[in-house]
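Trainee: output the structure for:
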Amino acid sequence: MFSIGLIFLSLHLHRVLKVVIIPMFFSEGDMISKYGENTWAIITGASAGIGREFCLKLAEKGFNIVLMARDLGRMKNVEDEIRMKYPQVETKLIVSDFKNAVKDGFFEGIMEQLVGLDISILVNNVGMHFKGFEEASVQEIKNLIIVNCIPHAVLTRNLLSQLQKREKRSAIIDISSIGATFPRSHSPIYSATKVFNDFLSRGIQDLYSNIDVISIRPRFVMTQMTNFKKPDINTVLPEDVVVNSLASLGKMDATAGALKHRFTEWRYLTLPSFITGFK
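Mentor: Purely as a prediction, here's the structure:
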C-alpha cells in the first residue's frame, strides 16, 4: 500500500513540476537568431486580443508581421501601433473573413499575397465563441466550426512544406483552450473545436523536424471573447498568454500558458472532479 501511495505521489509531483513549476524558468531567448532575420510572422485574428499581442511582441523581437483579420480598420490600428513602436518592422495586411473559409478560392487568394515572403512563424489564433447549444442558430454553429477549425488546418497544411524547407528553424503556435482538456457544458461546440485545434497541433509535432509546434490552452483572457473580464484568479491579460507561449516554444508540445492557467490545468489533470468542479 505504501508503494502504491509513493508511486501516486511521484506521478503527481512529476506533473506539477512539468506543468506548473519548470515553465517558470523558461525564457524566450534570441528568437531572431533561431528563426531568421528579416523573416515574417503570420498572425490570424490579428486585430485585437491575443492576436494583437502576438503582433506587437513578435515585432518587438524584430520579425516582420503579416496581419490577417476581417476588420481592415482595426488591423490598421495595430499596424500603426507597430510602426510607431518598431519603425524598422515591415507589415502586410490581408483582409480575411474566415467565415468564408469554405468558399472556393479563399485560401488561394491568401497564398497569392504571401508569395516571396520568408515566413518563419505561423500563429493560428483566429477564433470565435458563443455559449449555449440549443439557443444557437444552425448558421452560428456552422460559422463557429468553420472559423475555429478550417483556417487552422488549411493554413498549416499550405505552409508546412515551406516552413520545413527553411535553413533556419520555423514555428507554428496554435491557440486552443483549456476547454480542449475537459468538456464544457455551457459551450460544447466551442470546446469541441478547441479539441480539434489541440489534437491537430500535437498530431503533427513529430512529423516535421525543423518546425517547433506548440498548442496553447489558456483559460479566461481579458479579450472581447470574455467581454473584457478583468484579471482575477482565473483571468489573465493577453500579454501573459503571449509571453509564456513564446517562452515555452520549442520546449513543450502544449501548455496552458500563464502561471494561473498552468495551475488550473494541473488541478484538472490531477484532482478529482468533485474537488475541482470541472466535469
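Trainee: list of residues touching stretch 145-159?
Mentor: 42, 44, 96, 98-99, 101-102, 107, 110-111, 119, 122, 124, 126-128, 172, 174, 189-190, 193-194, 196-197, 200, 204 (Cβ atoms under 8 Å, 6 or more residues apart in numbering). Using the backbone N, CA and C atoms, a C-beta is placed for each residue, glycine as well.
Trainee: quick check: buried residues in that stretch?
Mentor: Buried residues in stretch 145-159, counted by 16 or more other Cβ atoms under 10 Å: 145-152, 154-156, 159.
Trainee: again, but for stretch 203-223
Mentor: By neighbour count with 16+ other Cβ under 10 Å, stretch 203-223 contains the buried residues 204, 211-223.
Trainee: for that stretch, measure first residue to last.
Mentor: Using Cα to Cα, to the nearest Å, the span of stretch 203-223 from its first residue to its last is 28 Å.
Trainee: show the residue spans covered by the strands in this protein.
Mentor: 40-44, 64-69, 91-95, 119-124, 170-175, 211-216, 220-221, 235-236, 254-255 (DSSP state E).
Trainee: dump the C-alpha coordinates for the first one into CSV.
Mentor: The reference is to strand 40-44. Output of strand 40-44 as CSV, limited to C-alpha atoms (Å, rounded to 0.1, in the frame of the first residue of the first chain):
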residue,chain,number,x,y,z
TRP,A,40,7.8,37.1,-41.4
ALA,A,41,5.4,36.0,-38.8
ILE,A,42,1.8,35.5,-39.8
ILE,A,43,-0.9,36.1,-37.1
THR,A,44,-4.5,35.3,-37.8
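Trainee: elements contacting it?
Mentor: The helices and strands touching strand 40-44, judged by 3 or more Cβ pairs under 8 Å, 6 or more residues apart in numbering; DSSP states H and E, are helix 49-61, strand 64-69, strand 119-124, helix 138-165.
Trainee: which among those is found nearest to residue 79?
Mentor: Nearest of the helices and strands packed on strand 40-44 to residue 79, taken as Cβ to Cβ: strand 64-69 at 6.5 Å.
Trainee: and the closest one, what does it pack onto?
Mentor: strand 40-44, helix 49-61, helix 72-85, strand 91-95.
Trainee: just these: most buried one?
Mentor: Burial of the helices and strands packed on strand 64-69 is given as mean neighbour count (mean count of other Cβ atoms under 10 Å); strand 40-44 ranks first at a mean of 26.
Trainee: can I get the buried part of the contacts of stretch 145-159 as one PyMOL selection?
Mentor: The buried subset of the contacts of stretch 145-159, as determined by 16+ other Cβ under 10 Å, is captured in PyMOL by this line:
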select buried, resi 42+44+96+98+99+101+107+110+119+122+124+126+127+128+172+174+189+190+193+194+196+197+200+204
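Trainee: return the residues in contact with residue 173.
Mentor: Contacts of residue 173 were listed using Cβ under 8 Å, 6+ apart, and they are 54, 121-125, 214, 216, 245-246, 249.
Trainee: check residue 243 too.
Mentor: 28, 57.
Trainee: separation between residue 159 and residue 109?
Mentor: As defined by Cβ to Cβ, to the nearest Å, residue 159 lies at a distance of 15 Å from residue 109.
Trainee: which of the strands of the chain has the lowest mean pLDDT?
Mentor: Across the strands of the chain, strand 220-221 has the smallest mean pLDDT, namely a mean of 70.
Trainee: I'd like the helices and strands packed on strand 64-69 laid out as JSON lines, including distance to residue 29.
Mentor: Conversion of the helices and strands packed on strand 64-69 to JSON lines gives the following (distance: least, Cβ to Cβ, whole Å):
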{"stretch": "strand 40-44", "distance to residue 29": "16"}
{"stretch": "helix 49-61", "distance to residue 29": "10"}
{"stretch": "helix 72-85", "distance to residue 29": "21"}
{"stretch": "strand 91-95", "distance to residue 29": "24"}
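Trainee: do you know which of those lies nearest residue 185?
Mentor: helix 49-61 (24.3 Å).
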